[in-house]
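Participant: Predicted coordinates and the sequence they were generated for:
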Amino acid sequence: MDALAFLTIPRKWIDFDTELYATKWFDYRFLHPVEATYKYAEAYEKAWRASFARVLDERRAPYVKIFKSKDVFDLKGAVLTGLWRGRQIADAIGIPYEDYTSLAMEETLRFWQRTHLPRPAQIYSEQVIERVLDRWEKLQEAKLYYSRLDNYKCRQYSGAKSQNDHHEWLFAQAEKRGNADRVICNFLKDDLLPQSKIEFRYGPERSERILNLN
């Protein structure tokens, strides 16, 4: 995968990925950037077809060919670079790829003046990114986002940064809600948060209240 990346992606964009392991959505932190780009391409394709069905032709949407090759790393050029850079933008935000591509496509189409749908390099303008950031914050208030990977279960805990980051994410997500104690209790029951961290974070009184909800 390293060889594939160096053969197809400008070095300056590859080097940037080192920093993104600390910010990308938790499901992707164990993936090579090439693997992550394949997942991003799938998400882009899903968002593109949904937009095609909505604004152009619902019946044709499942059959329209989006990329010239089944393997996006055979595309090279602007399309592949656009997928790589778009994926990096999503990683910098820390948003799941399906959410990013869906939101970015919607926001791009608000100002779109062309007859074709946006290509990969056309859904991460500064204006679009700002709007996606705003909507991502609102989505978190409406939906509880967390990773379902076994890597983040307490029984798999090894002290990895990604696991500790996920614990912090869960605490932050819980506090966005009026029933934070219940949410924390559910995370505990689902083996997503260790009791020791709950007790350290909240102290004996609140921790006991949370544990009694179990």
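Facilitator: Happy to help now that I have it.
Participant: Could you find the closest non-adjacent residue to the residue most central in space within the chain?
Facilitator: Central residue of the chain (CA atoms, centre = their mean): Pro96, 1.7 Å from the mean position. Spatial nearest neighbour of Pro96, excluding adjacent residues (CB to CB, 6 or more residues apart in numbering): Trp25 at 5.0 Å. Any C-beta I mention is one placed from the backbone N, CA and C, and that applies to glycine too.
Participant: helices or strands up against the lowest-mean-pLDDT helix or strand in the chain?
Facilitator: Every helix and strand of the chain was ranked by mean pLDDT, DSSP states H and E. The lowest is helix 11-15, at a mean of 90. Packing partners of helix 11-15 (3 or more CB pairs under 8 Å, 6 or more residues apart in numbering; DSSP states H and E): helix 77-93.
Participant: Quick check: what element follows the helix it packs on along the chain?
Facilitator: Going down the chain from helix 77-93, the next helix or strand is helix 97-109, by DSSP states H and E.
Participant: How about the helix or strand following that following helix, which residues are buried there?
Facilitator: Next along the chain after helix 97-109, taking DSSP H and E as the criterion, comes helix 126-142. Judged by neighbour count using 16 or more other CB atoms under 10 Å, the buried positions of helix 126-142 are 128-129, 131-132, 135-136, 140.
Participant: what do you get for stretch 52-72?
Facilitator: For stretch 52-72, by 16+ other CB under 10 Å, it's 52, 67, 72.
Participant: Return the residues in contact with the second one.
Facilitator: If I follow you right, that is Phe67. Taking CB atoms under 8 Å, 6 or more residues apart in numbering as the criterion, Phe67 is in contact with 41, 45, 75, 79.
Participant: now the first one
Facilitator: If you count contacts by CB under 8 Å, 6+ apart, Phe52 has them with 60-61, 64, 117.
Participant: Contacts for stretch 190-204 next, please.
Facilitator: With CB under 8 Å, 6+ apart, stretch 190-204 has contacts from 146, 152-155, 157, 166-167, 170-171, 184, 187-188, 207, 210-211.
Participant: Using PDB, list the CA coordinates for that stretch.
Facilitator: In PDB, the C-alpha atoms belonging to stretch 190-204 read as follows (Å, rounded to 0.1, in the frame of the first residue of the first chain):
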ATOM      1  CA  ASP A 190     -21.800  -1.800  26.600                       C
ATOM      2  CA  ASP A 191     -18.200  -2.200  27.600                       C
ATOM      3  CA  LEU A 192     -17.200   1.100  26.000                       C
ATOM      4  CA  LEU A 193     -16.100   3.000  29.200                       C
ATOM      5  CA  PRO A 194     -14.200   1.500  32.200                       C
ATOM      6  CA  GLN A 195     -15.700   2.000  35.600                       C
ATOM      7  CA  SER A 196     -12.300   3.300  36.800                       C
ATOM      8  CA  LYS A 197     -12.400   6.200  34.400                       C
ATOM      9  CA  ILE A 198     -16.000   7.100  35.300                       C
ATOM     10  CA  GLU A 199     -15.000   7.200  39.000                       C
ATOM     11  CA  PHE A 200     -11.900   9.300  38.200                       C
ATOM     12  CA  ARG A 201     -13.800  11.700  36.000                       C
ATOM     13  CA  TYR A 202     -16.900  12.300  38.200                       C
ATOM     14  CA  GLY A 203     -15.800  11.600  41.700                       C
ATOM     15  CA  PRO A 204     -17.600   9.200  44.200                       C
END
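Participant: ok now that stretch, how far from the chain's centre?
Facilitator: 26 Å (CA atoms, centre = their mean, to the nearest Å).
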